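> following is a predicted model, sequence given first.
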2 protein chains.
Amino acid sequence: KKPHHAFSLFSSSSSDIDLSDCLTNTITDENELRANSSQMKNRMEAFITNLQGKIIKKLQSFEPETKFKVDRWLRKEGGGGITCIIEDGQVFERGAVNISVVSGMLPKAAVNEMRARGKTSIPAGKDLPFFACGISSVIHPRNPYVPTVHFNYRYFELEVAPNKFEWWFGGGTDLTPYYLDENDVKHFHSELKKACDKNDKSYYLKFKKWCDEYFVISHRNECRGVGGIFFDDLDKPDQDKVFEFVKSCGNSVLPSYIPLIEKNKDKGYGYKEREWQLLRRGRYVEFNLVYDRGTKFGLLTPGSRIESILVSLPQTAKWTYKHEPEVGSEEHKLFQVLKNPKDWL
Amino acid sequence: KKPHHAFSLFSSSSSDIDLSDCLTNTITDENELRANSSQMKNRMEAFITNLQGKIIKKLQSFEPETKFKVDRWLRKEGGGGITCIIEDGQVFERGAVNISVVSGMLPKAAVNEMRARGKTSIPAGKDLPFFACGISSVIHPRNPYVPTVHFNYRYFELEVAPNKFEWWFGGGTDLTPYYLDENDVKHFHSELKKACDKNDKSYYLKFKKWCDEYFVISHRNECRGVGGIFFDDLDKPDQDKVFEFVKSCGNSVLPSYIPLIEKNKDKGYGYKEREWQLLRRGRYVEFNLVYDRGTKFGLLTPGSRIESILVSLPQTAKWTYKHEPEVGSEEHKLFQVLKNPKDWL
């Protein structure tokens, strides 16, 4: 395994910089990415931009008549993003895979919050230069038998002293079915476990539990879905190894999810199944607007691109007073699992 | 004008206690309300319970085939509420008028927050007995030409020392149209102004401004609707006068809103108008889940009745990426007013 030296400006290695599937120009100029291909921020940007392209191409293959829209946008403060969205497809009612690459000065209030979260090597009380990039996606299929999927992988870098950087990765992939097919859920979790196990045998159990704890609609006392993996602030054992892990996770999105689309997308359903799906989508909206940290952070950040943040919401959601699935019904079977998260493997 | 002596236990006056329109038993036993009819908490509970009945009876008259459901519920910690909801009506797609009457011990964290908000006569650092009651309503009509209305009037009492009470009233009424009919908005505001003017000529302008400032979807930089009135912490000039004002406001709900239903409920509309209405309802969901203080407080309070809180949400809401009403269209006309709140009278 070839060693990577982060922040060495003159590495000739560019093995990480594969942009062959990108949908449009990268946010950071491609020449710069290649010239500084040993810097983690460039390796991660290249990885997520290419992964976005790979995933969109696969999803697009289900939609001969509806094209994903590719919106490349730039922030005047630095960086930008590529929002890639489909609406009103045959298979996908609404879905997006976005990347964003942002840099600038992090206000000291946010710096202090990071310190308070346990990163004591961050100096308190001043603005610091930061870099953040990530890929983020929610896919809401039309057919109630195809689950909604969400994933997000991100890298954060803070320059705590001239040329001295704090960094960490975060992310996860999780599934929100409307009907419970245990085989589907097992397949999904087993692909995530495979991606974890390749890197550290302790990861899957730890990050599966974290996911169950994070995606809780507290006021309903129920989970958003059947989980997956979730982690944050990951900076051990070293930068290369964490990046390898994040790549394994990113690359497991298609094998974990695509078989669920293929298997279920043409199943017949009626009014009852659609109504239940829409009610559950109401719950999805509740979680994202009330609890999701990324969404809340985005909505409260002046100048953030709201339309890119809120692509996570479904096209349609419904609310009904005191809806309770009938005991013994298929809806109830799912509901029980949302009330009591279980082990799938 | 007959003087009221708050907290005198032996007043024989019961002129405030008119329960003739109530839909079901009051939360506090009717005999107790009448026996202590000079206490503000009883006068306010009687007023809101009767007002709920009056409003529901009027709204029900538009719905020969769909009945409002009346759900009386009790909390084991004390008090309860009456949730009154219609769904799938001909005129009302989803709408509710609720009251709640709650008492118990307010945790010191909440007490300290009230202190921090400026109520320095509240002693810091200990749990205190409280009483709160209020009426709260959102009506989402089916026809896009009938605006959504929201109102809420509440009374809060804190026992800061044995038999020594801090108290205040809060509330407001506001309108969220999907299409702008200036005459409707003017009618609505003029009824609110009448209710204000009867009590204090300075109220309307002050509380109209407060309303415009409160109902802002900050991340969209737009208002939820065309405003109305909003006030909080009102405890001057004295308890009777504030209560008189709150009664004027509560009693202005029907005259301000019913003519808008009557005028518009049978207008023809098509796919375009319905879609626009659903998008705006998405914005309503965004405001209520992300910003509304009452909703957030409710969702974060363990043991609160979630189904009663979330009746404020529409039955159906939609989201579309980067939807922009066409310049010059009727949708755009409304949009402009939401971006720049104006004076209606």
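Thanks, I have it.

> how far out from the middle of the chain is stretch A:114-129?
25 Å (Cα atoms, centre = their mean, to the nearest Å).

> for the stretch 51-200 of chain A, which segments count as helices?
Residue ranges of the helices in the stretch 51-200 of chain A, as given by DSSP state H, counting those that start in this stretch, are A:108-116, A:182-197.

> of those, which is nearest chain B?
Closest to chain B of the helices of the stretch 51-200 of chain A is helix A:108-116 (Cβ to the nearest Cβ; 17.3 Å). C-beta here means a position set from N, CA and C on the backbone, and glycine is covered the same way.

> okay, the helices of the stretch 51-200 of chain A, which one's buried deepest?
Stretch with highest mean neighbour count among those: helix A:182-197 (a mean of 19; mean count of other Cβ atoms under 10 Å in any protein chain shown).

> can I get the helices of the stretch 51-200 of chain A in TSV including distance to residue B:69?
Formatted as TSV, the helices of the stretch 51-200 of chain A follow (distance: least, Cβ to Cβ, whole Å):
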stretch	distance to residue B:69
helix A:108-116	45
helix A:182-197	36
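
> which one of those has the lowest average pLDDT?
Of all the helices of the stretch 51-200 of chain A, the minimum mean pLDDT falls on helix A:108-116 (a mean of 85).

> list the contacts of that one.
A:122, A:123, A:124, A:125, A:126, A:127, A:128, A:158 (Cβ atoms under 8 Å, 6 or more residues apart in numbering or on different chains).

> and if we set it to 7 Å?
A:122, A:124, A:125, A:126, A:127, A:128 (Cβ atoms under 7 Å, 6 or more residues apart in numbering or on different chains).

> excluding chain neighbours, what is closest to the third one?
Nearest non-adjacent residue to residue A:125, counting by Cβ to Cβ, 6 or more residues apart in numbering or on different chains: residue A:108, 5.9 Å away.

> by mean pLDDT, point me to the weakest helix or strand of chain A.
helix A:108-116 (a mean of 85; mean pLDDT, DSSP states H and E).

> CA atoms of it as CSV?
Provided in CSV are the C-alpha atoms of helix A:108-116 (Å, rounded to 0.1, in the frame of the first residue of the first chain):
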residue,chain,number,x,y,z
LYS,A,108,-15.6,31.6,16.6
ALA,A,109,-19.0,30.7,18.0
ALA,A,110,-18.9,27.6,15.8
VAL,A,111,-15.2,27.0,16.6
ASN,A,112,-16.1,27.1,20.3
GLU,A,113,-18.9,24.7,19.8
MET,A,114,-16.6,22.2,18.2
ARG,A,115,-14.2,22.6,21.2
ALA,A,116,-17.1,22.0,23.6
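
> identify the residues contacting the most centrally placed residue in chain A.
The centroid of chain A falls nearest to residue A:152 when counting by Cα atoms, centre = their mean (1.5 Å). By Cβ under 7 Å, 6+ apart, the residues touching residue A:152 are A:134, A:135, A:136, A:171, A:172, A:294.

> does the second one touch residue A:153 like I think?
Yes: Residue A:135 sits in contact with residue A:153 when judged by Cβ atoms under 7 Å, with a separation of 5.4 Å.

> pull up the overlap in contacts between the two.
With Cβ under 7 Å, 6+ apart, residue A:135 and residue A:153 have common neighbours A:48, A:250.

> returning to that earlier point: who's the residue nearest to the centre of chain A bridged to?
Note on residue A:152: beta-bridge partners residue A:136, residue A:172, judged by DSSP bridges.

> which parts of the stretch 201-345 of chain A are strands?
A:216-217, A:222-223, A:227-234, A:316-318 (DSSP state E, counting those that start in this stretch).

> got the angle for the longest one vs helix A:182-197?
For strand A:227-234 and helix A:182-197, the angle between their directions (axes from the mean of the first three to the mean of the last three Cα atoms, to 10 degrees) works out to 20 degrees.

> tell me the contacts of the one residue in the stretch 101-250 of chain A that gets nearest to chain B?
Proximity of the stretch 101-250 of chain A to chain B (Cβ to the nearest Cβ) peaks at residue A:219, 4.3 Å away. Taking Cβ under 7 Å, 6+ apart as the criterion, residue A:219 is in contact with B:299, B:306.

> and residue A:300, by the same measure?
So residue A:300 contacts nothing (Cβ under 7 Å, 6+ apart).

> confidence score at it?
Residue A:300 is assigned 86 on the pLDDT scale.

> one step back: let me know the closest of the contacts of residue A:152 to residue B:57.
Ranked by distance to residue B:57 (Cβ to Cβ), the contacts of residue A:152 are led by residue A:294 at 46.2 Å.

> what about the closest one, how many neighbours?
15 (other Cβ atoms under 10 Å in any protein chain shown).

> is it correct that residue A:190 is in contact with residue A:345?
Yes: if you go by Cβ under 7 Å, residue A:190 and residue A:345 touch, sitting 5.9 Å apart.

> tell me which of the strands of the stretch 201-345 of chain A is the most buried.
Of all these, strand A:316-318 has the most neighbours on average by mean count of other Cβ under 10 Å, namely a mean of 23.

> pLDDT of that strand, averaged?
98.

> ok, now stretch A:143-159?
97.

> look up the closest residue to residue A:318, ignoring the ones flanking it.
Ranked by Cβ to Cβ, 6+ apart and with sequence neighbours excluded, the top spatial neighbour of residue A:318 is residue A:278, at 4.0 Å.

> and residue A:110, how far is that from residue A:35?
Between residue A:110 and residue A:35 the computed distance is 30 Å (Cβ to Cβ, to the nearest Å).

> re earlier: what subset of the contacts of residue A:152 is buried?
Buried members of the contacts of residue A:152, counted by 16 or more other Cβ atoms under 10 Å in any protein chain shown: A:134, A:135, A:136, A:171, A:172.

> setting the sequence-adjacent residues aside, check what's closest to the fourth one.
In this case it means residue A:171. Per Cβ to Cβ, 6+ apart, closest to residue A:171 is residue A:153, 3.6 Å.
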